[in-house]
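S.K.: Quick one: sequence and predicted model below, then my questions.
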Amino acid sequence: MLVSAEEMLTKAKAGKYAVGQFNINNLEWTKAILLTAQELNSPVILGVSEGAGKYMCGYKTVVGMVNGMLEELNITVPVALHLDHGSYEGAKACIEAGFSSIMFDGSHYPIEENVQKTKELVAVCREKGMSIEAEVGSIGGEEDGVVGAGECADPDECKMIADLGVTMLAAGIGNIHGKYPDNWAGLSFETLDAVQQKTGSMPLVLHGGTGIPADMIQKAISLGVSKINVNTECQLSFQEATRKYIEAGKDQEGKGFDPRKLLAPGTEAIKATVKEKMELFGSVGKA
Ligand code: 13P
């Protein structure tokens, strides 16, 4: 059964480790992440962007697929199904469809409107026992065609949003989605420290987990980050493994396109990436 992310993140914050949010794009991705979480006895959050939700035929299809897998694969570790960077409308649709967690990304609204919409969604999520993530300070890079520069959140705005009763808070600290440019200034630990001091025990979320050096990840966890989002890294490892398979001419063996063969190396590569991240984040054995 899907669970809210609240308990797993409260435990992570208290235990000084982070739970990985791995974004899903199709059946193979989902299966690879769930099997790895189970094997490593780690809690996990499956992230679904609005674009990926559309690609997978809508949120109800995603809920059906994930619930089916939890049962058929005998997954017993805590799993949350979470809308990533949800619009106000997307958040409502996922609540209806049976997600167990949502992110409402109101960072592009003026702060008053972000507050008002977040408040409304917090009330609905509380009533349904779902977790809710809010964002302050936009996270840069490209996601689903939306491009932004990484900015640092205002700690007072973070406190204002945290006080609305959200479960977890994504604060921009110079992190960006996708690959980091060579001239990237790194994470602003000063901002993170100030945000944690204002928000206390609130689990903090680090987006753009791909390509952040291990020492920065560990420092971020020590300063209150208890959820780290990873998407691009799984896409890159899937791509690389598939490319090698095709270049070796293996796709030419047998009869035509067989997803069981062609997508198997990529699926294994995702498992390896997820394992590496769970070990780095410290969530192994914490289910
Ligand atoms: P990356 O694509 O950089 O791993 O970021 C993922 C993310 O933050 C999803 O919200």
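M.R.: Noted; the coordinates are in hand. Numbering: from 1, shown residues only.
S.K.: Now do the SS call for the residue nearest to D156 when sequence neighbours are not counted.
M.R.: Sequence neighbours aside, K198 is the residue nearest to D156 in space, at 6.9 Å (criterion: C-beta to C-beta, 6 or more residues apart in numbering). C-betas here are computed from N, CA, C, even on glycine. The assignment at K198 comes out as helix when based on DSSP: H, G, I helix; E, B strand; the rest coil.
S.K.: residue contacts, K198?
M.R.: When contacts are counted by C-beta atoms under 8 Å, 6 or more residues apart in numbering, K198 touches P155, D156, C158, K159, A162.
S.K.: so the first one sits right up against E190, yeah?
M.R.: No: checked against C-beta atoms under 8 Å, the pair P155 and E190 is beyond contact range at 10.0 Å.
S.K.: the more surrounded of those two?
M.R.: Neighbours per residue (other C-beta atoms under 10 Å) separate P155 from E190, with P155 holding more: 21 against 12.
S.K.: do you know how far that one is from Q38?
M.R.: Here P155 is placed at a distance of 38 Å from Q38 (C-beta to C-beta, to the nearest Å).
S.K.: Kindly reformat the contacts of K198 as CSV containing secondary structure and distance to K16.
M.R.: Shown next, in CSV, are these (DSSP: H, G, I helix; E, B strand; the rest coil; distance: C-beta to C-beta, whole Å):
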residue, secondary structure, distance to K16
P155, helix, 21
D156, helix, 26
C158, helix, 20
K159, helix, 22
A162, helix, 19
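S.K.: element containing the residue in the stretch 1-150 of the chain that the ligand sits nearest to, please.
M.R.: Proximity of the stretch 1-150 of the chain to the ligand (C-beta to the nearest ligand atom) peaks at D84, 4.6 Å away. Taking DSSP states H and E as the criterion, D84 maps to strand 79-86.
S.K.: picking up where we left off before, among the contacts of K198, which one lies nearest to the ligand?
M.R.: C158 (17.4 Å).
S.K.: residues contacting the closest one?
M.R.: C158 sits next to V136, G137, L169, A171, V195, K198, T199 when contact means C-beta under 8 Å, 6+ apart.
S.K.: For those residues, pick the one with the most neighbours.
M.R.: The most crowded member of these, judged by other C-beta under 10 Å, is A171 (34 neighbours).
S.K.: Output the below-cut-off pLDDT ranges for the chain.
M.R.: For the chain, applying pLDDT under 70 flags the ranges 140-149.
S.K.: which ones are touching L169?
M.R.: Contact partners of L169, counting by C-beta under 8 Å, 6+ apart, are 133-136, 158, 161-162, 195, 199, 202-205.
S.K.: Now it. Its backbone dihedrals?
M.R.: Main-chain torsions, L169, degrees, to the nearest 10: phi -130, psi 130.
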